[in-house]
Each structure stands twice: as C-alpha cells, then as structure tokens.
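Chemist: below are the sequence and a predicted model for it; my questions follow.
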Amino acid sequence: MSSATDTSTDAIAGDGIVRAADGTPLKRSLARALRREKLRSFLLIAPLLAFVVISFLMPIADMLFRSVENNIVEDTIPETVQTLASWDADSGDLPDERVYAALFQDLQIAVEQRIHTRLGSRLNYEKSGMSGLFRKTGREVRRMEAEGPFKERFIEIDEDWADIEVWAVIKRYSPPYTPGYFLNAVDAELTAEGVEMKPENERIYLMLFWRTLVMSLMITLSCLLLGYPIGYLLSHLPARSANLLMILVLLPFWTSLLVRTSAWKVLLQQQGVINDFLVWINLIDDAGRLVMINNQTGTIIAMTHILLPFMILPLYSVMQTISPSYVRAAKSLGASDWTAFWRVYFPQTVPGIGAGAILVFILAIGYYITPELVGGTSGIFISNRIAYHISTSLNWGLAAALGTILLLLVMALFYVYDRIVGIDNVKLG
Amino acid sequence: MYPFTTGGDLRFDAGVGHAAVSAGARVQKSEWTAISRGASVKFDSVQKSYDGETLVVKDLNLDIARGEFLTMLGPSGSGKTTCLMMLAGFEPATHGEIYLNDDGINNVPPHKRGIGMVFQNYALFPHMSVAENLAFPLQVRGMARAEQEQRIKRALDMVELGAFGGRRPAQLSGGQQQRVAVARALVFDPELVLMDEPLGALDKQLREQMQYEIKHIHENLGVTIVYVTHDQTEALTMSDRVAVFNDGVIQQLSSPDTLYESPQNSFVAQFIGENNKLSGEVVALDGANCEVRLDDGTLLVADPVNINGAGSRTTVSLRPERIELAPSDEPENVVDGKIEELIYLGDHIRVRMNVAGNDEFIVKVRNRRDKRPISEGDTVKVGWAASDCKALDAVA
C-alpha cells in the first residue's frame, strides 16, 4: 500500500510528465509494452489484408481509373495529336497538310501493330462511323505511297476525312483524361458547343438509374412488410418452433440463385402455375392472363423473395433482445394492444428495420442476375447495362463510369440515411 | 423523513426548483392519500396449468383486503409469479375466478384492469425519457397536458427524482430506475399495485433502503400492494401479511411475526429464517404439550402445532437463537451436545453441534462480554423451552 503511494508520487516528476519506475515517460513505456501485441494482431490479419488489397481494392481502383482514362488516342496517333493542337475546330477549315502527313505516319505504325481498329472502336463511342473509317483507312494506308499530298489521298480513301466533325472528335478526345464516359453515363455528350444532353430518343442511363433506385426502394419496402411479421413471429415462438421457422427462412440461402429465379419463371409466366390457378378458379379468363414476368413485377417479386432473409435476420436479432415485459408494462399502464405495439414495441425495433433496410437496399441496387433473368426489358437495372458494357460491347470506360456513379449514389444515400436515421441506430444483432 | 442517498450524482437542473423537495413531497403525499384508496382482491379456487398435465397453481383461495400489503413468498417455481401474472391479466386462469373489488376480472384485458405494475427489470421504455415514461399511462388515458405535467411532477417528487425527468432510463443508476418504475406504476392512481421481485437487481444496501421506501409509499398512499419475492427478509420487513407458496399451494398465510414464531409446517419453518430439524415419533399428547421420542431415543417436550396424535411421525423444528448453551434456568428440554465447529460472525457465534444424532444442529450464541470460553470438541448441555420447539408435519 505504502509502496504504491510512493511510486505514484514519484511518477509525476517536476516537469509534469508521468513516468514509469525506470524514468521513461509512461506513455512511451505503455506503447512499448503494447507493441508486441499490436504486431501480432496485425500479422494475424495481414493475409486477409493482402488478399483484399490485391484482389479487391486494386481492381476496383483500376476500374474507377478507366472511367476517365483516355491514353489510347495519344498512344496510337501521337504525331497527329501533336499537330492537331494548333488547329482550331471552330475555324471552319479542315486541318492542313501537316496533320494529314502526321496521320499517315502514325497509321503506318499503328497498322503494323494492328492497334488502329482499337482506336476506331474507342472513337466510335463518341461518333458513329469512326470504327469503319479507321478500319477502311487502315487497309488502304498499307498500299499508300509515302509522298503527298496526303490530304487528297486520305479524302480519296474516305470522304469522311473531309468532315470537320471527324477531326473535331479526334481533337476533343486526344487528351489523356476525358469526362466523355461520365457524360455518356448521364446521357450527355461533349459537342463543339460544350456539354449537352443527348437527343431525347438516345437517353437511357438516367432513366435506368432512376428505375434502379425506385425499384430497389419498392423491394426494400415489400421486404419490410413481409419480413416484419415473420421476425416478430420468430422472436415470440418457443425455441423449437422458432428453429424450424428459421430453417424455412434460411432455406432460400441454401438453394441456387438460378434455381430460385427459374422457379419464379415457372410460377409467374403466362402459362404458369399462378395464371393457371387463377383461370381455374375463374378469377380471370383465359385471354386476360396476367403478365407477371419479364417486367418490373417479375423483378420485384423475385428479388423480394431472394432478399427477404437479409431483412428478417437483423429484425429477428433485434426483436429477440426486446423483453416481453415492455409490452406487458405498456398494457398494465393502460395501453391497448395496438398502442403498446406502436408506441413501445415498434420504436425499439427501428434499429433492426434500419439495418435490414440498408442491407436489402444496397444489395438490390447492385443486383444483376435476377433482373437479367426475369426483368425482360422494362425490369432491368443499371447493373445489367454495366454488365453489358463489360462483357458484350467491351466499352469498359463507360461501364466504369456507370459503376462509379452507382457507387457515389449509394454513398450519398448512405450519408443521407446516416443524417436521418443515424448509423449508430443500426443494429445487426 | 427517511434518509435517501441516490447512489450517484444527484444533479439538479437549473430552472427546476428542487430545493424544497422533501417539504413539497410531504404535501403531495397527503393529496395522494386523499385521492387514492386500495382495492380488494379475491382469488376463488384458482388453478393454473401451462401444459394441461401439471398444475402450477393448485386451488388458490386468497382474500386481500383494501390497502393491504400482501407478499407472495416462495422459491422459484412455486407459482407465486404465475398468480401475479393472472392477477395482472397476462396469464388466463385455467379454472376459478379472480375478483377485483368484487367484480370478476377473468375476461377483462390487462389494459382495462387499471392495475399498476412494477416489473423485475423495471421495464422502463428505453426510447423515452423518464418524464415520457411517466406520461405514457396518462396519455393513453387521454389526460389533458397540464394535468399530465402536474401528476408527473408529483410522482417524481414522491420518489425524490424531481430533477431527472429529462433523462433516459439508461442514464440512471439501478436504484433510480427502480424508483422511476415505482413512480410510473403509481402515476395514474391505480388502486392496486403489483410488484414482481422489484428489488432483485439491486445491491444489498440499496435493496434495504428501497424496502423502507416502498413501505412508506404504501403507508402514505393507502393502495393495495401485492408483492412477489423469494427473499424472506424482504417479505418480513414490508408486509402486512405473507403468503408462503410452495408447489402451487399457499403453505401459510399470516403476519410476518406469526410466520416466524409459529410456522405451520416444516417447509415454512425451513424457508423463513434458520431452523434445526429433529425427526421422531409422538409418544404422548396432553393438551398444551406433546412428548416426542427422537430417533436416537431422546425424549423432548414440544409444542404440538401440526401432528396427528400419539404414534405418528413428526419433525420437531426449533430456532437456533432460542437454544441456550449450558442453560442456567431449567428449561423443559436439556440434552447433551458435542461442539463440532465454531464460526465467528461478529455479533454472534454459530456453533455447529451434534445433538441427538443430528450433526447439523446450529446454535447461535450472542457475542457478550461475559461469554464463557467454548472450544471445538467440548460436550456441553443445550436447553430450550417446550414452546420454542414445534412438532410439525402431520402425515396423513
């Protein structure tokens, strides 16, 4: 006892720094004592950290970088880009002979390396016809003699080379970074007059973003409406029946996503089980069979089913912690069943609702396979377009831009959610 | 007034005049008395079964008078909480009828019974402030806001928590939560308040303090209180009458002193206070006293509380503090005992002895200045009066 008192008086020396017994500052002493422990815990997570960085963070960073990266023009036709710099697209004149000569030089090399078609495809995203122009020119350039005047030669090959707009596009997309993909992703384009919205009939992405948001909200809402009573039932049943019901809730997790989605096809299609039943009980006639698949209805039904467990589980784990004595207390204080539920039980489940809703919403907003299978054309999500650009049209830049926008959208919603509900109020169990 | 420490920081909000709390509280209490009045409760051959195979409560008949403080005491699983839940309306009675002020309430839902209840873990609504918790029963009754506020203030002052209205339950100590729970159960002027082991979660010191607090509130308000506990000290301290439950049956229903002094059977004797048990056979019964031959042949004179007559088996029960070591006067019973163990407890010494073949025989010796030295292994005489040893447990 007395020695402890001695140390504590000694510990604070004249300079006010608390020191350990050997005179080193206590903070440093503590840090040294904990260093070994920290190092060990870091080594434990190191493999996972490395895995996440290499296989997840780096590809995502690369993908995001692709949404603005545009080196292809400068890399493929460097001389042309350089000479074009002094040309003014608004002057109304075609570029001069030097530019055509540079293009000839660049294309000779590019054709040799067989990369000119790639440039054509890239520029084709901005102006249709560019792909064909480059392919055709590539074929001819090989036979072309290395003497001028190149301007006439090129226009001979394809009169598009006399189109100022073609040159304007090349010049506009020659810098190494471009907002083009992002503009495309919000249905805008870069024209000579600056940023403009695309013509009405070419717009698609804003509508898709909007539809993705609205449908994800509807799916979240229907998950909540269906999941809340189940969570309530689960948390109030005796353990044995609750376990059985829990297995039923988790059953979808153990079944392949494709099988489940296909099952919905069987159920919902016009010659399917539900329509047959409705016709059989004469609720609808044969001609008036309901269209429930390959549209938004199909997507909402199938995705609600698939995401329901993500709503039920957080709800259940929160409801389980709510003692039945709260509702009893409310009733003993004179509250009717409904008042006891609404004023006492429900507010305590809000953290579960928050967790479930955010989980379902975020999963829904990036969902891809189910809308693809049962969504038809009116029920597809933005992720389906992203997948299309990655695997079919190979326009990775646009896919990356769409993905980035989706990511930012989710983060923005998350922020709003935090401000309204408070992320501290979210409880997963 | 009884002293009251809050077991924490007692913060007084500026603006809420709290200086005159105890004086104000006293005035408020008399108002409460004027408007409150206890209800009577009657259990009429009530039975309860959960599974249809076993009875948790077997044929319960119980009359609780207006303004009475009745405690249901018993070990866990004895049916006392079930009785409380049936009275509150959360469990239906399987058979029989419960009356509140002479009206059958079997078919009245809990929220229409108007019974205040304090729960084991208080059940304060965590998402509401203390004041909102107290306002809840008033709001559901559609009371005007001004009157609500007046009543909340009065109830909070009564439990001396006037400055804590704005806090959340989680910001209060256990004792403070407990008092808010009591205030909430009383704020809507119920005639009957049920308390389900309300002090179980508090530490010993706070528990004792709250016992007096609740007792005083009961005295001041005149409400009927039905209190459930498994703590015999709590039951003895607070109650007008105690119903000792075991195995779904009331073993004894009487005032605390009768319960301790004259237990009706060995369960009650064992459950309330400490108790030495000696088993034997009744050999003679003559009006006031009976003679019991213990299994080792010792003859005792005992008080025949609950026996069947000569020849029947009995359990003789006597309190450790009523036994004297080396008695100076001549009590009816004097036997030899060997001291097995001495346990020093400060105010008294527990002496474990071997008496009449029972080596768990406990004698409490007061720690007096003129104490005689005793040591383990000694054989001494122990004596007690016939009226202090009860012959119990008539076996049919």
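Modeler: Sure thing, it's come through.

Chemist: any stretches of the stretch 201-350 of chain B with poor pLDDT?
Modeler: Nowhere does the stretch 201-350 of chain B drop to pLDDT under 70.

Chemist: quick one, domains of chain B?
Modeler: B:21-261, B:276-392 (automatic domain parsing).

Chemist: just name the most buried of those.
Modeler: Ranked by mean neighbour count, those are led by domain B:21-261 with a mean of 19 (mean count of other CB atoms under 10 Å in any protein chain shown). (C-beta placed from N, C-alpha, C; glycine too.)

Chemist: that one near chain A at all?
Modeler: Yes - counting by CB under 8 Å from any CB of the partner chain, chain A is contacted by domain B:21-261 at B:88-90, B:109-117, B:119-121, B:123-127, B:136-137, B:140-141, B:184-185, B:188, B:194.

Chemist: ok, back up a step: just put the domains of chain B in a markdown table and tack on distance to A:Tyr177.
Modeler: What follows is the domains of chain B, written out as a markdown table (distance: least, CB to CB, whole Å):
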| stretch | distance to A:Tyr177 |
| --- | --- |
| domain B:21-261 | 51 |
| domain B:276-392 | 86 |
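
Chemist: out of these, nearest to A:Gly366?
Modeler: Set against A:Gly366 and scored by CB to CB, the domains of chain B come closest in domain B:21-261, at 32.8 Å.

Chemist: and the closest one, how far out from the chain middle?
Modeler: Its chain's C-alpha centre and that of domain B:21-261 lie 13 Å apart, by CA atoms, centre = their mean, to the nearest Å.

Chemist: just stretch A:298-306 next, same as before
Modeler: For stretch A:298-306, the distance to the chain centre is 19 Å (CA atoms, centre = their mean).

Chemist: now it: mean pLDDT?
Modeler: If you average the pLDDT over stretch A:298-306, you get 91.

Chemist: and for stretch B:184-192?
Modeler: Average pLDDT, stretch B:184-192: 92.

Chemist: tell me where chain B has helices.
Modeler: Applying DSSP state H to chain B gives helices spanning B:21-35, B:80-88, B:130-139, B:145-158, B:174-186, B:204-221, B:232-238, B:256-261, B:266-271.

Chemist: please name whichever of those is nearest to B:Asp393.
Modeler: In terms of CB to CB, the element of these nearest to B:Asp393 is helix B:266-271, at 5.0 Å.

Chemist: before we move on, the earlier item: turn the helices of chain B into TSV, columns for distance to A:Asp160.
Modeler: Output for the helices of chain B, formatted as TSV (distance: least, CB to CB, whole Å):
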stretch	distance to A:Asp160
helix B:21-35	93
helix B:80-88	88
helix B:130-139	75
helix B:145-158	80
helix B:174-186	82
helix B:204-221	92
helix B:232-238	98
helix B:256-261	108
helix B:266-271	104
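
Chemist: got a list of contacts for stretch A:289-303?
Modeler: A:211, A:215, A:218-219, A:222, A:260-261, A:264-265, A:268-272, A:274-275, A:278-279, A:284, A:364, A:367, A:370-371, A:373-381 (CB atoms under 8 Å, 6 or more residues apart in numbering or on different chains).

Chemist: what of stretch B:178-185?
Modeler: A:332-333, B:116-119, B:122-124, B:130, B:133-134, B:136-137, B:155-156, B:158-161, B:164, B:169, B:172, B:193, B:195, B:198-199, B:201-202, B:210, B:213-214, B:217.

Chemist: chain A versus the residue nearest to B:Phe43 when sequence neighbours are not counted, what's the distance?
Modeler: Leaving aside its chain neighbours, B:Phe43 sits nearest to B:Leu62 (4.2 Å; criterion: CB to CB, 6 or more residues apart in numbering or on different chains). Here B:Leu62 is placed at a distance of 20 Å from chain A (CB to the nearest CB, to the nearest Å).

Chemist: try B:His216
Modeler: When B:His216 is compared with chain A (using CB to the nearest CB), they lie 23 Å apart.

Chemist: the residue in the stretch 251-396 of chain B that chain A sits nearest to: what's it in contact with?
Modeler: Going by CB to the nearest CB, chain A is nearest to B:Gly346 of the stretch 251-396 of chain B, at 24.4 Å. By CB under 8 Å, 6+ apart, the contact list for B:Gly346 reads B:Asn367.

Chemist: and it, its phi and psi?
Modeler: Torsion angles at B:Gly346 (phi, psi; degrees, to the nearest 10) stand at phi 80, psi -90.

Chemist: where's it relative to B:Asn276, distance?
Modeler: 22 Å (CB to CB, to the nearest Å).

Chemist: equivalent analysis for A:Tyr100, please.
Modeler: Counting by CB to CB - A:Tyr100 and B:Asn276 are separated by 120 Å.

Chemist: wait, B:Ile225 sits on B:Asp196?
Modeler: No - B:Ile225 is beyond contact range of B:Asp196, at 11.7 Å (criterion: CB atoms under 8 Å).

Chemist: I'd say A:Ala185 and A:Gly403 touch.
Modeler: No - distance between A:Ala185 and A:Gly403: 9.1 Å, which falls outside the contact criterion (CB under 8 Å).

Chemist: and these two? which has more neighbours close in?
Modeler: More crowded of A:Ala185 and A:Gly403, by other CB atoms under 10 Å in any protein chain shown: A:Ala185, with 27 against 23.

Chemist: quick one, domains of chain A?
Modeler: According to automatic domain parsing, the ranges for chain A are A:2-66, A:71-178, A:205-425.
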